[in-house]
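>>> Based on what follows, work out the 3D shape:
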Amino acid sequence: MQIYLPIAETSVNAFTLLGVGGGVGLLSGMFGVGGGFLITPLLFFIGVPPAVAVATGVNQVVASSISGVLAHLKRKTVDLRMGTVLLIGGLIGSIIGIWFFNLMSRLGQIDLIVQLSYVIFLGIIGALMLQESLRALIRSKNPTAPRRKLHIHTWVHNLPFKMKFRTSGLYISVFPPLAVGMGVGILAAIMGVGGGFILVPAMIYLLGMPTKVVIGTSLFQVTFVAAFTTMMHAITNQSVDVMLAIFLIVGGVVGAQFGTRIGLKLRAEQLRILLAILVLSVSGKIAFDLLWTPSEFYSITVPGRF
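This is a model prediction of the structure:
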């Protein structure tokens, strides 16, 4: 059953869209990630223009994050003060990212910028995840192996304008959280991701936050930044396709239920290795598409569109 996506200006099989949303929801349930960094490349692969894929894919992040935030708020595992500082930085970064996104769109280079961003960031993140996962697997088999400290006190914690974050048990400068939030906001605007795959490691290793409050605080920031980014994309360049978003969200909700059940049956080390391999595979596929000679050397589009 083919459906026409008015903003993307293409026809796509409805079951394919449900499958993409369901597949990302499945992975989200298995690995505990928002899935934004996977759903956008998958939309590339089925013919959705990168500009529309980025703007619409963020909707999936918002939908998958809200329920998680509510659950963590009930458990009191959200540092609202830290989340607010991260959110302020995220909103500033999102505005910068939207400006850059629109500039590249006017220059006709946004497709290339988005795809290169995915190749670089997914490649780096996937490699680091695979390395850390293999180390964790080795440690699990050899408990006597030396363990690396999660957090080391560095020059970052000597910066001025310190603030006390009681829930996290930290007394640090507001500049590092603002900078981390800003970076995530820029990525959300340009890549259509929530940024959790960057935010969570930064909160643990750079800010030194305890793991028990990291996930909830990350989801708090990601939810509002992703919603703001979606709104800005819709207002500034009208690239949010509501029909596409609906199918992705419906598929994602169903897939997440099955993913959660599967994830409970696998070991944490195995899950991280599988996710790292998946991230590297997506990065490799996008890189291949960029380097491989296309079947058509040019295409005709309406001026002012994507």
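>>> how about the helices in the stretch 1-150 of the chain?
For the stretch 1-150 of the chain, the helices defined by DSSP state H, counting those that start in this stretch occupy 14-31, 36-45, 50-75, 80-106, 110-141.
>>> Columns distance to S283 and mean pLDDT on top of those, output as TSV?
Backbone N, C-alpha and C define where each C-beta goes, glycine included. Rendered in TSV, the data for the helices of the stretch 1-150 of the chain read as follows (distance: least, Cβ to Cβ, whole Å; pLDDT from 0 to 100):
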stretch	distance to S283	mean pLDDT
helix 14-31	15	75
helix 36-45	8	76
helix 50-75	15	73
helix 80-106	20	89
helix 110-141	4	78
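>>> how much space between G123 and A202?
From G123 over to A202 the distance is 18 Å, taken as Cβ to Cβ, to the nearest Å.
>>> Looking at the helices of the stretch 1-150 of the chain, spot the one closest to L275.
Minimum separation from L275 across the helices of the stretch 1-150 of the chain (Cβ to Cβ) falls at helix 14-31, 4.6 Å.
>>> got the angle for the closest one vs helix 36-45?
Between helix 14-31 and helix 36-45, the angle comes out at 160 degrees (axes from the mean of the first three to the mean of the last three Cα atoms, to 10 degrees).
>>> what's the angle between helix 14-31 and helix 50-75?
Using the same axes, to 10 degrees: helix 14-31 against helix 50-75 is 40 degrees.
>>> Using PDB, list the CA coordinates for helix 14-31.
Once non-C-alpha atoms are left out, helix 14-31 reads as follows in PDB (Å, rounded to 0.1, in the frame of the first residue of the first chain):
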ATOM      1  CA  ALA A  14       3.100   2.200   4.400                       C
ATOM      2  CA  PHE A  15       4.300  -1.200   5.700                       C
ATOM      3  CA  THR A  16       7.900  -0.200   5.000                       C
ATOM      4  CA  LEU A  17       7.400   2.900   7.200                       C
ATOM      5  CA  LEU A  18       5.800   0.900   9.900                       C
ATOM      6  CA  GLY A  19       8.700  -1.600   9.600                       C
ATOM      7  CA  VAL A  20      11.300   1.200   9.900                       C
ATOM      8  CA  GLY A  21       9.500   2.600  13.000                       C
ATOM      9  CA  GLY A  22       9.000  -0.800  14.500                       C
ATOM     10  CA  GLY A  23      12.600  -1.800  13.800                       C
ATOM     11  CA  VAL A  24      14.000   1.300  15.500                       C
ATOM     12  CA  GLY A  25      11.500   0.800  18.400                       C
ATOM     13  CA  LEU A  26      12.700  -2.800  18.700                       C
ATOM     14  CA  LEU A  27      16.300  -1.600  19.000                       C
ATOM     15  CA  SER A  28      15.300   1.100  21.400                       C
ATOM     16  CA  GLY A  29      13.700  -1.400  23.700                       C
ATOM     17  CA  MET A  30      16.700  -3.800  23.400                       C
ATOM     18  CA  PHE A  31      19.500  -1.300  23.900                       C
END
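>>> just so I know, which of the helices of the stretch 1-150 of the chain lies nearest K212?
Across these, K212 has its closest neighbour in helix 50-75 (8.9 Å, Cβ to Cβ).
>>> would TSV of the helices of the stretch 1-150 of the chain with distance to V250 and mean neighbour count be doable?
Shown next, in TSV, are those (distance: least, Cβ to Cβ, whole Å; neighbours: other Cβ atoms under 10 Å):
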stretch	distance to V250	mean neighbour count
helix 14-31	7	22
helix 36-45	13	24
helix 50-75	10	22
helix 80-106	26	21
helix 110-141	25	17
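>>> wait, which of those helices is closest to A189?
Set against A189 and scored by Cβ to Cβ, the helices of the stretch 1-150 of the chain come closest in helix 80-106, at 2.6 Å.
>>> returning to what we had before: wait, which of the helices of the stretch 1-150 of the chain is closest to S168?
For the helices of the stretch 1-150 of the chain, distance to S168 was read as Cβ to Cβ. The smallest value, 5.6 Å, belongs to helix 80-106.
>>> Noted, bye for now.
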